[in-house]
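Asks: Just the structure for this:
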Amino acid sequence: YLVTTAEQFRWCLANQKSCQLQNDLDLGGRSGKNWTGISARSAWTIDGNGHTVYNLFSQTTHHTGLIGDSAHADFVLKNLTVSNARVNSTSTYGAPLIAQFAGGQALDCGVKNALVWQSNATAGAWAVMAGCVSFGGQGNGGLNLAISKKIVRNTYTDNVHVFGGACSAGFIEAAQADTLLENCYAVNGTLIVPAGHSGGFGSCDTGPVTYRNCFTNIDVYGNTRTGVFQGVVHGGTHSFENCYASGKIEGTDVIGGFIGADENAASTTFTNCYSTSMVGMSSGGKNMGGFAGLGAKLTFTNCYAAGEVGTLRSAEDGTPLDASGNKLTGQNVTGFAGDNGGAATNCYYDKQTTGMCEYGVVAGRVTGLLTSQLIAGDGFANIKDADGNPVWVFSDGGYPELAAFANSDDAVTRASSAASAGT
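Replies: Next comes the predicted model:
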């Protein structure tokens, strides 16, 4: 069906009929039209054709957003931008694109200028709220859907702000088994969670889940077990390949510039990843690291951290100080992984910009470098991909950048990469 009106679009979605937009559509949210109740449980395609749907307002108990749920491997949402959206769940499950993504593909999509919030967000509330797509299983308000292969590729969020309880994220939340996220990013947004288990890009995944060539620049205000890219990982296997985090995070316990911590995953690997995020920045805290809050059970290869870590004040040797100027000793606050845990190969942190000095050095695993040494590319210059191409690129005065972003055809991606590596 060729769609030219919001009414036609709604009919196609409600009846699960393949459609293609012929122009931008006003979904009437500013006029009070409430968009809810769409399910995608068969093989069909929504083709935005490069167009935008705007003024989306979706508010109900749970499953709010353009698509309430999807549960078929051959359902496809592509070439569509959602802009100027307000998505509000009074209980759980909300995201501008898909609220409970159990199967299908989201390709070449975007979310811009959106607000996503959970009305009952408290330290004890479970949320599954996300800035783009949320997954989740049969939890509080979740549907018992058959889980199949899921792909999110070439999709982004820009100026999207999320407020929710535990298990909230700036891009995707609670990815389930057999999920691939590739060439995606979240920028210029905010995540606010009075609880924890949340991340600027994702959190609470159950693998196998793969993140490849993804990045985030999000400001995260959390409590515990939260990271600028990933909050926590649960069961199954998890792989992060060629990803970075740049932004800031404030919290109290188990917070990291990239990830908070493992939580019963079978294995979690980070390969060619980095964080230049600011971590901590409050009057106290513990288990904080430039890359990971807790590194235990995580595996890091060719990774680095360079963002400031710690409380608002520190001693000359890098020891964090509380509001009264007392040293916070034994609190696991370091330049790379807060607990100095995990398996690490060819990993580094900037002893100067993190402010951690020698806190974070682990002999044979994690090395502290001066800013000039890390800028020079110590440890990264000779790393190649499977095709023999350099994984990292270098510029005057900047930290190593991932070639996947620095050499991208997309201007936002290139600019974000340069900004993340700037000193």
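Asks: Phe405 in helix, strand or coil?
Replies: helix (DSSP: H, G, I helix; E, B strand; the rest coil).
Asks: which residues does it contact?
Replies: Each residue near Phe405 by Cβ atoms under 8 Å, 6 or more residues apart in numbering is listed here: Asn213, Phe215, Tyr244, Thr413, Arg414, Ser416, Ser417. C-beta coordinates here come from the backbone N, C-alpha and C atoms, glycine included.
Asks: Show the buried residues in the residues you listed.
Replies: By neighbour count, with 16 or more other Cβ atoms under 10 Å, these hold Asn213, Phe215, Tyr244, Thr413, Ser416, Ser417 as buried.
Asks: Adding pLDDT as columns, could you present these in CSV?
Replies: Compiled in CSV, these are given as follows (pLDDT from 0 to 100):
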residue, pLDDT
Asn213, 98
Phe215, 98
Tyr244, 98
Thr413, 98
Ser416, 97
Ser417, 98
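Asks: Output the residues you listed in JSON lines; the columns should cover secondary structure.
Replies: Written out in JSON lines, the entries for the buried ones among the contacts of Phe405 read as follows (three-state DSSP):
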{"residue": "Asn213", "secondary structure": "coil"}
{"residue": "Phe215", "secondary structure": "strand"}
{"residue": "Tyr244", "secondary structure": "strand"}
{"residue": "Thr413", "secondary structure": "helix"}
{"residue": "Ser416", "secondary structure": "helix"}
{"residue": "Ser417", "secondary structure": "helix"}
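Asks: Most widely separated two among the residues you listed?
Replies: Spanning the widest gap among the buried ones among the contacts of Phe405 are Asn213 and Ser416, at 12.5 Å by Cβ to Cβ.
Asks: where does the stretch 201-350 of the chain dip in pLDDT?
Replies: Screening the stretch 201-350 of the chain residue by residue with the criterion pLDDT under 70, one finds the ranges 281, 283.
Asks: now the buried ones among the contacts of Phe405 as CSV including distance to Asp47?
Replies: Formatted as CSV, the entries for the buried ones among the contacts of Phe405 read as follows, by distance: Cβ to Cβ, whole Å:
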residue, distance to Asp47
Asn213, 24
Phe215, 27
Tyr244, 31
Thr413, 24
Ser416, 27
Ser417, 30
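Asks: So which of those is the closest to Val116?
Replies: Nearest to Val116 among the buried ones among the contacts of Phe405: Phe215, at 20.0 Å, using Cβ to Cβ.
Asks: Ala419 is in contact with that closest one, correct?
Replies: No: the pair formed by Phe215 and Ala419 falls short of the contact definition of Cβ atoms under 8 Å, at 10.7 Å.
Asks: list residues touching both of these two?
Replies: Taking Cβ under 8 Å, 6+ apart as the criterion, Phe215 and Ala419 both touch Ser246.
Asks: in this structure, which spans are helices?
Replies: 6-14, 371-375, 403-406, 411-420 (DSSP state H).
Asks: what's the closest of these to Val209?
Replies: Relative to Val209, the nearest member of those by Cβ to Cβ is helix 403-406, separated by 18.8 Å.
Asks: Just the CA atoms of the closest one, as PDB, please.
Replies: Extracted C-alpha coordinates of helix 403-406, given in PDB (Å, rounded to 0.1, in the frame of the first residue of the first chain):
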ATOM      1  CA  ALA A 403      38.700   3.700  11.600                       C
ATOM      2  CA  ALA A 404      35.000   2.500  11.300                       C
ATOM      3  CA  PHE A 405      33.900   6.000  12.500                       C
ATOM      4  CA  ALA A 406      36.800   8.300  11.600                       C
END
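Asks: Pull out the buried positions in that helix.
Replies: For helix 403-406, by 16+ other Cβ under 10 Å, it's Ala403, Ala404, Phe405, Ala406.
Asks: cool, and stretch 338-349?
Replies: Using 16+ other Cβ under 10 Å as the burial criterion, the residues of stretch 338-349 that qualify are Gly338, Asp339, Asn340, Gly341, Gly342, Ala344, Asn346, Cys347, Tyr348, Tyr349.
Asks: Take those and keep only those in strands.
Replies: Ala344, Cys347, Tyr348, Tyr349 (DSSP state E).
Asks: May I see those arranged in a markdown table, with distance to Ala305 as well?
Replies: Formatted as a markdown table, the entries for these read as follows, by distance: Cβ to Cβ, whole Å:
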| residue | distance to Ala305 |
| --- | --- |
| Ala344 | 11 |
| Cys347 | 8 |
| Tyr348 | 8 |
| Tyr349 | 4 |
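Asks: And those residues, which is closest to Asn326?
Replies: If you rank those by distance to Asn326 using Cβ to Cβ, Tyr349 comes first, at 24.7 Å.
Asks: could the buried residues of helix 403-406 go into CSV alongside distance to Ser42 and pLDDT?
Replies: Converted to CSV, the buried residues of helix 403-406 look like this (distance: Cβ to Cβ, whole Å; pLDDT from 0 to 100):
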residue, distance to Ser42, pLDDT
Ala403, 40, 97
Ala404, 35, 97
Phe405, 36, 98
Ala406, 41, 97
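Asks: Need those in CSV (columns: distance to Thr157).
Replies: Putting the buried residues of helix 403-406 into CSV (distance: Cβ to Cβ, whole Å) gives the following:
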residue, distance to Thr157
Ala403, 23
Ala404, 19
Phe405, 16
Ala406, 21
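Asks: from the buried ones among the contacts of Phe405, which single one is nearest Asn84?
Replies: Ser416 (22.3 Å).
Asks: Just give the nearest non-adjacent residue to Val162, would you?
Replies: Distances taken as Cβ to Cβ, 6 or more residues apart in numbering put Val116 closest to Val162, at 4.6 Å, once the chain neighbours are dropped.
Asks: Equivalent analysis for Val391, please.
Replies: With Cβ to Cβ, 6+ apart as the measure, Ile383 is the residue that lies nearest to Val391, at 4.6 Å, once sequence neighbours are left out.
Asks: surely the one you found meets Val393?
Replies: No: counting by Cβ under 8 Å, Ile383 does not reach Val393; the two are 10.9 Å apart.
Asks: how many other residues sit next to Gln16?
Replies: Residues within reach of Gln16, counting by other Cβ atoms under 10 Å, total 16.
Asks: That'll do, ta.
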